[in-house]
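Visitor: from the sequence below, what's the structure:
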Amino acid sequence: MVKIYVAGPYSADNVIDVLKNIGRGEDCCTELFLMGYAPWCPWHDKDYVIRAWQKDFTIEMFYEYCLAWLAVSDAMLVIGDWQKSKGTINEIAFADKRGIPVFYDMESLIKEMQ
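Guide: The predicted structure is shown next:
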């Protein structure tokens, strides 16, 4: 299976927009999965925090483990209003340095990664 790292905004200045970002990301990953790809879905991180809310999580912990998955991905798909997302901007730079193809729409990704 082709491993696709899906990136895009997660955080926002209000809970409604955070939930919308999570929904957008999870929907995209589900669509990729149903098409036969192996998507990495950073928005599933929420489950760690929800299920172990009493633990001491840091943003850095999530950044590090996401980059570990990006490093072994075949391609990256960027979704949503990523230009304001510090994490996504860093992930794009990480992928570029390692020669991991970065796509900004599903059609281009599918065309190149079939």
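Visitor: which is the succeeding secondary structure element to the lowest-mean-pLDDT helix or strand in the chain?
Guide: Using mean pLDDT, DSSP states H and E, helix 46-51 stands out as the lowest-scoring helix or strand of the chain, at a mean of 91. With elements assigned by DSSP states H and E, the helix or strand that comes after helix 46-51 is helix 59-71.
Visitor: returning to what we had before: which helices and strands does the least confident helix or strand of the chain pack with?
Guide: Using 3 or more Cβ pairs under 8 Å, 6 or more residues apart in numbering; DSSP states H and E as the contact test, no helix or strand touches helix 46-51. No exception for glycine: its C-beta is placed from N, CA and C like everyone else's.
Visitor: quick check: Met35 touching Ile110?
Guide: Yes. The pair Met35 and Ile110 passes the contact test of Cβ atoms under 8 Å, sitting 7.4 Å apart.
Visitor: before we move on, the earlier item: which residues touch the least confident helix or strand of the chain?
Guide: Identification of contacts with helix 46-51 by Cβ atoms under 8 Å, 6 or more residues apart in numbering yields 22, 57.
Visitor: can you give me the neighbour number for Cys41?
Guide: Residues lying near Cys41 (other Cβ atoms under 10 Å) number 18.
Visitor: equivalent analysis for Gly25, please.
Guide: Neighbour count of Gly25, defined by other Cβ under 10 Å: 22.
Visitor: and it, how close does it get to Ser85?
Guide: Separation of Gly25 from Ser85 (Cβ to Cβ, to the nearest Å): 11 Å.
Visitor: any shared contact partners between these two?
Guide: Residues touching both Gly25 and Ser85 (Cβ under 8 Å, 6+ apart): 8, 10.
Visitor: how about the secondary structure of the closest residue to Glu26 other than its chain neighbours?
Guide: The shortest distance from Glu26 to any non-neighbouring residue, by Cβ to Cβ, 6 or more residues apart in numbering, is to Trp43 (5.2 Å). Assigned with DSSP: H, G, I helix; E, B strand; the rest coil, Trp43 falls in the helix class.
Visitor: thanks a lot, catch you later.
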